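**Student:** I'll drop the sequence and a predicted model, then ask my questions.
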Amino acid sequence: MSDLKAGWFIEAMDSTGSAVGFRVREKLADVKTPYQHIEIYATTDFGNLMVIDGCIMLTGRENFFYHEMLTHPVLCTHPEVRHVAIIGGGDCGTLKEVLKHKNVKSVTQIDIDEQVTRLSEKYFPELCESNNDPRATLLFADGLKWIEKQAENSLDLLIIDSTDPVGVAEGLFEHPFYKLCFRALKPGGVLVQQSESPLLHTNLIADMQQKLQDVGFQSTDWLHFPQSCYPSGWWSATVARKGGELKLPYPPENCAVDTRYYNREIHKAALAKPQFWRQADKHS
């Protein structure tokens, strides 16, 4: 919901009994596409704000936590990654971070709604500065249908940068989709997917890992990071490897990418598990 007369955009979440809000100056864009309702606001302290179907997607001030942690922990510890696909990610922030790695030869981004990218180019240009990189291909299509057509063993890394598991994104959290991802990845290939809040969505994270293992991923893990614009201010990414043990070791010092949050120490800390997760594991 929003109350522009009072000068705030507030996303209230009945399911968690909580809310996230930003003080805004004005609405910059209001676009209804065949898929969703996109709004852009100018805030007083957090840069521009993107809202989709009433849910906060990103702000100009702190999106780097999410984009860096969805990409660099894997890319800095798996230097053989050459061919990458991003399903979702229409704001292009994840694409930008992937392309910082010189060993990557190609990145295909598949987002169903072209307007997310066009509005990002206008209101979040810093996220789109690598869109014309010759290694990048931007497709506007259904990610589920796209992955069905991919050759077996064709990808080194698959990043699922989707919205919450509702509506058009619901199928990206289910067994049939994970089976297709497993098929498209090369042996040793890795899947990374945003997996909501470790505090509010513990069951979802555990369910995702079980589904990934059900379809053949040998090992899974998850990492966590701050994200103030999302429920609880604490977010996660789930990681799965096709064949062999998933290892995200302390990254080498020569992983010299330009970041604002991610570094070697953050990498190690992001893999440490809160005590309540350890206790849950003991009773599972």
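**Tutor:** Okay, I see it.
**Student:** phi first, then psi, for the spatially closest residue to residue 35 that is not a sequence neighbour.
**Tutor:** Nearest residue to residue 35 in three dimensions, chain neighbours excluded: residue 113, at 4.7 Å (C-beta to C-beta, 6 or more residues apart in numbering). C-betas here are computed from N, CA, C, even on glycine. Per-residue torsions, residue 113: phi -120, psi 100 (degrees, to the nearest 10).
**Student:** my read: residue 113 touches residue 32, true?
**Tutor:** No - counting by C-beta atoms under 8 Å, residue 113 does not reach residue 32; the two are 11.0 Å apart.
**Student:** need the overlap of contacts for those two.
**Tutor:** residue 38 (C-beta atoms under 8 Å, 6 or more residues apart in numbering).
**Student:** ok, residue 72 - contacts?
**Tutor:** Counting by C-beta under 8 Å, 6+ apart, residue 72 makes contact with 97, 255, 257, 259, 262, 267.
**Student:** likewise for residue 115?
**Tutor:** For residue 115, counting by C-beta under 8 Å, 6+ apart, the contacting residues are 31, 33, 38.
**Student:** next, the buried residues of the longest helix along the chain.
**Tutor:** In the chain, taking DSSP state H as the definition, the longest helix is helix 202-214. In terms of neighbour count (16 or more other C-beta atoms under 10 Å), helix 202-214 has its buried residues at 202, 204-206, 208-209, 211-212.
**Student:** circling back to that earlier point, in helices, which of the contacts of residue 72 appear?
**Tutor:** Taking DSSP H, the ones among those that sit in helices are 97, 267.
**Student:** least confident of the contacts of residue 72?
**Tutor:** The lowest pLDDT within the contacts of residue 72 belongs to residue 255, with 79.
**Student:** one step back: and the two most separated of the contacts of residue 72?
**Tutor:** With C-beta to C-beta as the measure, no two of these lie farther apart than 97 and 267, at 14.1 Å.
**Student:** can you pull out the low-pLDDT segments for this protein?
**Tutor:** Where the chain drops to pLDDT under 70, the residues are 1-5, 164-169, 254, 278-284.
**Student:** ok, back up a step: most surrounded residue in the contacts of residue 72?
**Tutor:** residue 97 (25 neighbours; other C-beta atoms under 10 Å).
**Student:** need the contact list for it.
**Tutor:** Residue 97 makes contact with 67-68, 70-72, 257, according to C-beta under 8 Å, 6+ apart.
**Student:** what's near enough to touch the nearest residue to it once chain neighbours are set aside?
**Tutor:** Nearest residue to residue 97, sequence neighbours excluded (C-beta to C-beta, 6+ apart): residue 71, at 4.1 Å. Taking C-beta under 8 Å, 6+ apart, we find residue 71 in contact with 94, 97-98, 159, 192.
**Student:** now swap in residue 182 and tell me
**Tutor:** 191, 215-217, 242.
**Student:** one step back: now do the residue nearest to residue 35 against residue 154, distance only.
**Tutor:** Applying C-beta to C-beta, to the nearest Å, the value for residue 113 to residue 154 is 25 Å.
**Student:** and for residue 36?
**Tutor:** For residue 36, the distance to residue 154 - C-beta to C-beta - is 29 Å.
**Student:** same deal with residue 230?
**Tutor:** 32 Å.
**Student:** ok, of the contacts of residue 182, which one's closest to residue 56?
**Tutor:** residue 191 (25.3 Å).
**Student:** for the helix or strand that contains the closest one, packing partners?
**Tutor:** Using DSSP states H and E, the element containing residue 191 is strand 185-194. The contact analysis (3 or more C-beta pairs under 8 Å, 6 or more residues apart in numbering; DSSP states H and E) places strand 185-194 against strand 155-161, helix 175-184, strand 234-241.
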